[in-house]
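In: What would the 3D arrangement of this be:
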Amino acid sequence: MQFYKNHCETIRWTVAFTIFSSFLLLGGCQKQQAAPTPVPEVAAVTIQPQQVELTTELPGRTCVYLVSEIRPQVNGIIQKRQFREGSDVKPGQLLYQIDPAPFQVALDSAKASLGKAQANLPSIRSRAERYKELLVDKAVSRQDYDDAAAAVEQALAEIEYWKAAVEAARINLGYTRVTAPISGRIGRSSVTDGALVTAYQPASLATVQQLDPIYVDLTQSSAELLRLKRNLEAGRLSTDAENNGKVRLLLEDGTPYPLEGTLQFREVTVDPATGSFTLRIVVPNPEHLLLPGMFVRAVVREGVAQNAILAPQQGVSRNPKGEPIALIVDEAGTVQQRILTLDRAIGDQWLVSSGLSAGERLIVEGMLNVRSGATVKVVPLDSRNTGAQAPDVNRPPAESN
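Out: Take a look at the predicted model:
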């Protein structure tokens, strides 16, 4: 009997303990379910309008400013080459000497013929004057006088002919001295001493190229030109007449060229195959660092945007349609999605044409943890980058001892 009572007492205490434990567990679950969900933290930057200089980087190649192909203007034998290949020459500097002997003989012959014609003129003119006097007394016929007068005119014409022949012979003699028409650097010679050359032959004797200054021909698409004109007409860009034509160059290895160039002109015809046109700039080249045919990149100044909106590239993503989007935080701490219109990249930022306004807060970190319409807590960008914990504005400051 006593065993039965003890057993019942044990069962009663077991049931009571089980019920008490169930209440404790139920209360703990309810307390856990009632805990508030933590608000996600994001880092944001405040958009501020800035003054930005807009430039366009265009590819191009260098081209000689002046080029002259040296060709002989008379036939003859090269007596002597008077320059060193690869050297700098000046206008009028003697390059080749063609054998002048036959041309000197032609000049002397023309001078002798001119002297002979001039020597015959006085007697012919005197005869014509006497015939004129005798014609008054009818001592000579009219035909004799006309023949004498015609002989004077013929003698004068012959003198003029030989004067022209003398001048032609003198010019040809001068052409035996082949000189440099421009200043610049002369290349290799295609002939040597003793070579036979002909007047205006197809093959040039040498080529002189002026390298200072030098041209750079750039290629720009017509679409970029239209965009630039629209921005200027809309007032989004302002131009500086003094500096707008200045162009900076980047060499093939990416190093900047120390001197600025000047935009000379734009082509008025668009290449239908590429949809682009050519810009030509003039660049000083005193050290001859730029050589013809080199590839360069030119930074062309378009203008200045006074109130440009720049957004960090890390804060801009793409939606499934490929449209650029950004997430901003309004005054209530709610996330909103914006579809942007981007103009170009400037460093590590996007130039935004539309979609963002000055003073708005753009989320740049923590975008993957939030969505449009969610409530977030904005923390300083530096604290997230350095790993430091952002201060909780809802927690009272700790008491100092």
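In: wait, what's in contact with Lys229?
Out: By CB atoms under 8 Å, 6 or more residues apart in numbering, the contact set of Lys229 is empty. The way it works is simple: take the backbone N, C-alpha and C, and place the C-beta from them, glycine included.
In: Could you look up the SS state of it?
Out: helix (DSSP: H, G, I helix; E, B strand; the rest coil).
In: give me the number of residues near the residue lying closest to Val74 once chain neighbours are set aside?
Out: Nearest non-adjacent residue to Val74, counting by CB to CB, 6 or more residues apart in numbering: Tyr175, 4.5 Å away. By other CB atoms under 10 Å, 18 other residues sit near Tyr175.
In: My guess is Tyr175 contacts Asn75. True?
Out: No. The criterion here is CB atoms under 8 Å, and Tyr175 misses it with Asn75 at 9.9 Å.
In: Buried residues, the helix or strand hosting Ser109. List them.
Out: Element membership of Ser109, judged by DSSP states H and E, is helix 101-136. When burial is assessed from 16 or more other CB atoms under 10 Å, helix 101-136 yields the following buried residues: 102-103, 106-107, 110-111, 113-114, 117, 124, 127-128, 131, 135.
In: Tell me the one among those nearest to Ser141.
Out: Here the nearest of the buried residues of helix 101-136 to Ser141, counting by CB to CB, is Leu135; it sits at 8.2 Å.
In: I'd like the distance between the closest residue to that closest one other than its chain neighbours and Ala151.
Out: Spatially, and ignoring its direct neighbours in sequence, Leu135 is nearest to Tyr145 (4.8 Å; CB to CB, 6+ apart). Distance of Tyr145 to Ala151, given as CB to CB, to the nearest Å: 11 Å.
In: Please enumerate the shared neighbours of the two.
Out: Joint contacts of Tyr145 and Ala151 (CB under 8 Å, 6+ apart) are Ala128.
In: still on that earlier bit, turn the buried residues of helix 101-136 into a markdown table, including distance to Ser189 and pLDDT.
Out: As requested, the buried residues of helix 101-136 are exported to a markdown table (distance: CB to CB, whole Å; pLDDT from 0 to 100):
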| residue | distance to Ser189 | pLDDT |
| --- | --- | --- |
| Pro102 | 23 | 95 |
| Phe103 | 22 | 95 |
| Ala106 | 27 | 95 |
| Leu107 | 28 | 95 |
| Ala110 | 32 | 95 |
| Lys111 | 34 | 95 |
| Ser113 | 38 | 94 |
| Leu114 | 38 | 94 |
| Ala117 | 43 | 92 |
| Ile124 | 53 | 89 |
| Arg127 | 59 | 88 |
| Ala128 | 58 | 87 |
| Tyr131 | 63 | 84 |
| Leu135 | 68 | 81 |
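In: Switch the residues you listed over to a markdown table; also include distance to Arg297.
Out: Output for these, formatted as a markdown table (distance: CB to CB, whole Å):
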| residue | distance to Arg297 |
| --- | --- |
| Pro102 | 55 |
| Phe103 | 52 |
| Ala106 | 57 |
| Leu107 | 56 |
| Ala110 | 59 |
| Lys111 | 62 |
| Ser113 | 65 |
| Leu114 | 64 |
| Ala117 | 68 |
| Ile124 | 77 |
| Arg127 | 82 |
| Ala128 | 80 |
| Tyr131 | 85 |
| Leu135 | 88 |
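In: For Glu224, state which of these is nearest.
Out: Phe103 (58.0 Å).
In: That closest one against Ile171, yeah?
Out: No. If you go by CB under 8 Å, Phe103 and Ile171 don't touch, sitting 9.3 Å apart.
In: Under the pLDDT cut-off, which ranges of the stretch 251-400 of the chain? List them.
Out: Applying pLDDT under 70 to the stretch 251-400 of the chain picks out residues 382-400.
In: where along it do the strands fall?
Out: 261-266, 276-283, 295-312, 317-318, 324-329, 335-339, 341-346, 349-354, 361-365, 377-379 (DSSP state E, counting those that start in this stretch).
In: Select, out of the ones you listed, the one closest to Tyr65.
Out: Nearest of those to Tyr65, taken as CB to CB: strand 276-283 at 7.4 Å.
In: So what pairs up with the residue nearest the centre of the chain in the strands?
Out: Central residue of the chain (CA atoms, centre = their mean): Ala298, 3.3 Å from the mean position. Taking DSSP bridges as the rule, Ala298 bridges to Leu58, Leu249.
In: For it, give its distance to Glu260.
Out: 10 Å.
In: so what sits against both of those two?
Out: The contact lists of Ala298 and Glu260 share 247-248, where a contact means CB under 8 Å, 6+ apart.
In: Need the CA coordinates for the helix or strand harbouring Thr55. PDB is fine.
Out: Using DSSP H and E, Thr55 falls within strand 50-70. Output of strand 50-70 as PDB, limited to C-alpha atoms (Å, rounded to 0.1, in the frame of the first residue of the first chain):
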ATOM      1  CA  GLN A  50      30.200  70.000 -59.400                       C
ATOM      2  CA  GLN A  51      32.000  72.000 -62.100                       C
ATOM      3  CA  VAL A  52      33.600  69.400 -64.400                       C
ATOM      4  CA  GLU A  53      35.700  69.900 -67.500                       C
ATOM      5  CA  LEU A  54      34.500  67.500 -70.200                       C
ATOM      6  CA  THR A  55      37.000  66.000 -72.600                       C
ATOM      7  CA  THR A  56      37.000  63.400 -75.300                       C
ATOM      8  CA  GLU A  57      39.900  61.100 -76.000                       C
ATOM      9  CA  LEU A  58      40.300  60.400 -79.700                       C
ATOM     10  CA  PRO A  59      42.700  58.200 -81.600                       C
ATOM     11  CA  GLY A  60      45.000  59.600 -84.200                       C
ATOM     12  CA  ARG A  61      48.200  59.500 -86.200                       C
ATOM     13  CA  THR A  62      50.900  62.000 -86.800                       C
ATOM     14  CA  CYS A  63      51.400  63.500 -90.200                       C
ATOM     15  CA  VAL A  64      54.200  65.700 -91.600                       C
ATOM     16  CA  TYR A  65      53.500  69.400 -91.700                       C
ATOM     17  CA  LEU A  66      55.400  69.900 -95.000                       C
ATOM     18  CA  VAL A  67      56.900  67.300 -97.300                       C
ATOM     19  CA  SER A  68      58.900  67.800-100.500                       C
ATOM     20  CA  GLU A  69      60.100  65.100-102.900                       C
ATOM     21  CA  ILE A  70      63.300  66.200-104.600                       C
END
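In: Thank you kindly, that will do.
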